[in-house]
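Q: Sequence first, then the predicted structure, then my questions.
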Amino acid sequence: MSQPSTTPLLEIRDLHVRFAVRGGQVHAVRGLDLTVHRGEVAAVVGESGSGKSASMLAALGLLEVNAAAAGSVRLDGVELLRAAPSVLRGVRGGRIGMIFQDPMTSLNPVLEIRRQIAEAVITHQHVSPRQAEAKAVELLEMVSFPDAERRSRSYPHELSGGMRQRVMIAMALANDPDILIADEPTTALDVTVQAQILDLLRSLRQSRDLAIVLITHDLGVVAGLADTVHVMYAGRIAESGPVVDIFHRPQHPYTAGLLASLPRLDRPDTELTPIGGVPPRLYEEPAGCSFAPRCLYAVESCTQMEPILQRVNESLVACSVLPLATSTTEAAR
Amino acid sequence: MISEPLVQVRDLVKEFDLRRTSWRTERATVQAVSGVSFDISAGEAFSIVGESGCGKTTTAWCVLRLIEPSSGSVRFDGTELTELSSAELRDARRRFQMVFQDPYTSLNPRMTVGEIIGEPMLVHGATRDEQRDRVAELLEQVQLGADASDRYPHQFSGGQRQRVGIARALALSPDLIALDEPVSALDVSIQAEIVRLLQRLRDELGLAYLFIAHDLSVVRHLSHRVAVMYLGKIVEVARAAELYTRPAHPYTKALLSAAPIPDPLIERDRVRIVLEGDPPTPTNPPSGCRFRTRCWRAEEICAEVEPPLVDIAEGHRVACHFNLWS
């Protein structure tokens, strides 16, 4: 991790996202705080509907028309949330690279991949089409695309899922970004191909000092790649901290619950402990802590007041029955 | 284990016709399953794992005759399923049922949960009263409240819907349930509930499972025995504990080493075998051993001679010229 004293690369403060739906609105992100430093891999984890993707789309100005964002998102101190569209276009694909879950639907099916990557270069740099295509081949080589020169003339449908994801990564890196936002980058891939892409991301962050925001539900992927972890629940941060603390000394009952419900390859005999109940649907504001209805440790005050983030060791935790008894979490290990 | 297995699959093959791109091209086929054999004993949880396109789902569908196998034999408790007429098959099906991956699309949105769970019983000639009692019993077995009976699928969460799917499969007290990725569409906290439920039902009811999945850690928690498929063939089959701790096929080893473990301290120091490339397409499988194009141990013979699936220990079979035990 970088020094916390420098300006953070990406700083999200009190971000709210609301979606207009038939018969009301869904408050999907309810005051998110997130800081990412240069060269840091920050994982945002949570289950479906926790607001992890919505918050990143909001940060990039990519929300659909039925959604509204409020709060602050700063890239190197520059506010993005109220920035002009032209400024955002310069940032997206420029200083911020993006990759999404499904490379098939993110690529243009009727353009050779080298043209698509070249397009990303030309949008942000003053180069000739020929130079841009040469750069495209270079980028493909950088992401270990085999036989890059020849196969850069392929169309997306001629490539496997893993190769398409490499193309997406090459495109995201076209303008030497400081930060890569990766939304479930390996979820659509088979496990052996996922291992290749994770290896690639690991080597890229080392060679280029790239910061990565990794949005995922897969805690195994997080464990292998992230420096810090931000656990989201019902549109807010439940717990943020260094990766080892989150996995070995979880403080929030939700974090501990997630870990206890995970089947592990290396612990076949450990009984799985599910979290009972289901996440709230955010049509109405939850009274008090949104996790309280499912929480084993909840006391009466939990249903009345929404907990704020407090510092516990290296972590920030939003829970008012803190700290979680150390013996319990140790036992869960 | 009982001597006569509940399910005996021998040399199962399933070919699909490929659409012709023009009238001039030859009629082509692709073999999704190329000669698969295995047994499942009564009360045994047997899993097939592998990556997309390896033929694991096709194998399960052929075993239940949801699609017709091209050749091979499937015996269920002594009865050859591939030779049954459709009326005989319908009758036989009360003993083997299926749970599907997506709880959102596998339940009829216009039927109440009670109707969904009770339908198999009506098909097999139960009275309304018998049906009502049994539905209540099943709802309890899958831990849904009795009031669930009159509600519709959309009123339930994904995990609850999967419970409905499981209750429907249990309705006729089958001996075998085939489960195709039953938890992969669910969030982790919900996944654990379904895994627990399946473990409990297996132990309490003595059910046999044919479990199809790509998530190796879920499989480990649910299975007695595991088969690994690659490009239409079983490359290794063994008791779960042995397969996971002492894999003999290079592909099994690579698969296990690629599966992430949710522990940063372990992940940091882990030695991974990262396979190169992608699985080849089954339209044009490699000669000899189908895994050789990605295998770090492959030699000339692997391209020439297809390795047979042979015993290397009791109940442990592997198809490799240079297996990791040798």
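A: Good, I have the coordinates. Remember, it's a predicted structure, so these values are computed and weren't measured experimentally.
Q: Just the helices from the stretch 201-333 of chain A, written as ranges.
A: Remark: helices assigned in the stretch 201-333 of chain A by DSSP state H, counting those that start in this stretch are A:219-225, A:243-248, A:253-261, A:326-332.
Q: Next, format those as a markdown table and append mean neighbour count.
A: In this view, the C-beta of every residue, glycine as well, is placed from N, C-alpha and C. A markdown table is the format used below for the helices of the stretch 201-333 of chain A (neighbours: other CB atoms under 10 Å in any protein chain shown):
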| stretch | mean neighbour count |
| --- | --- |
| helix A:219-225 | 24 |
| helix A:243-248 | 21 |
| helix A:253-261 | 24 |
| helix A:326-332 | 12 |
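Q: which stretch among the ones you listed comes nearest residue B:173?
A: helix A:253-261 (29.8 Å; CB to CB).
Q: Do me a favour and average the pLDDT over that closest one.
A: Across helix A:253-261, pLDDT averages out at 94.
Q: tell me the secondary structure for residue B:179?
A: strand (DSSP: H, G, I helix; E, B strand; the rest coil).
Q: show me what contacts the nearest residue to it once chain neighbours are set aside?
A: Sequence neighbours aside, residue B:99 is the residue nearest to residue B:179 in space, at 4.6 Å (criterion: CB to CB, 6 or more residues apart in numbering or on different chains). Residue B:99 makes contact with B:162, B:165-166, B:169, B:177-180, B:182 under the criterion CB atoms under 8 Å, 6 or more residues apart in numbering or on different chains.
Q: what do you get for residue B:67?
A: B:14, B:58, B:61.
Q: Am I right that it is in a helix?
A: No - counting by three-state DSSP, one finds residue B:67 to be coil, located in no helix.
Q: if you go through the stretch 201-326 of chain B in chain order, where are the helices?
A: Using DSSP H, counting those that start in this stretch, helices in the stretch 201-326 of chain B cover B:216-222, B:240-245, B:250-258, B:264-269, B:300-304.
Q: Can you tell me which residue is spatially central in chain A?
A: By CA atoms, centre = their mean, the mean C-alpha position of chain A lies nearest to residue A:215, the distance being 2.2 Å.
Q: Just grab the bridge partners of it for me.
A: Here residue A:215 sits in beta bridges with residue A:44, residue A:183, going by DSSP bridges.
Q: Adding distance to chain B, write the helices of the stretch 201-333 of chain A out as CSV.
A: Shown next, in CSV, are these (distance: least, CB to the nearest CB, whole Å):
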stretch, distance to chain B
helix A:219-225, 3
helix A:243-248, 5
helix A:253-261, 4
helix A:326-332, 12
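Q: Residue of chain B nearest chain A, please.
A: The minimum distance from chain B to chain A, using CB to the nearest CB, falls at residue B:260 (2.9 Å).
Q: what are the phi and psi values for that residue?
A: phi -70, psi 150 (degrees, to the nearest 10).
Q: likewise residue B:93?
A: phi -70, psi -20.
Q: for residue 246, what are its contacts?
A: No chain specified, so I'll use chain A. Applying CB under 8 Å, 6+ apart, the residues contacting residue A:246 are A:229, A:231, A:239, A:255, A:315.
Q: right idea, wrong chain: chain B
A: Contacts of residue B:246 by CB under 8 Å, 6+ apart are residue B:325.
Q: can you check residue A:145 too?
A: A:151-152, A:163, A:166-167, A:170.
Q: SS state for residue A:90?
A: Going by three-state DSSP: residue A:90 is helix.
Q: how many neighbours does the nearest residue to residue B:293 once chain neighbours are set aside have?
A: Nearest non-adjacent residue to residue B:293, counting by CB to CB, 6+ apart: residue B:286, 5.1 Å away. By other CB atoms under 10 Å in any protein chain shown, 16 other residues sit near residue B:286.
Q: can you pull the contacts of residue B:286?
A: Counting by CB under 8 Å, 6+ apart, residue B:286 has contacts B:280, B:292-293, B:303.
Q: Just the buried residues of these.
A: By neighbour count, with 16 or more other CB atoms under 10 Å in any protein chain shown, the contacts of residue B:286 hold B:280, B:292-293 as buried.
Q: Over to residue A:134: give its phi and psi.
A: phi -60, psi -40.
Q: could you measure it against residue B:89, distance?
A: Going from residue A:134 to residue B:89 by CB to CB, to the nearest Å gives 62 Å.
Q: and what of residue A:86?
A: In terms of CB to CB, residue A:86 sits 65 Å off from residue B:89.
Q: between those two, who's got more neighbours?
A: Ranked by neighbour count (other CB under 10 Å), residue A:86 and residue B:89 place residue B:89 first, with 15 against 7.
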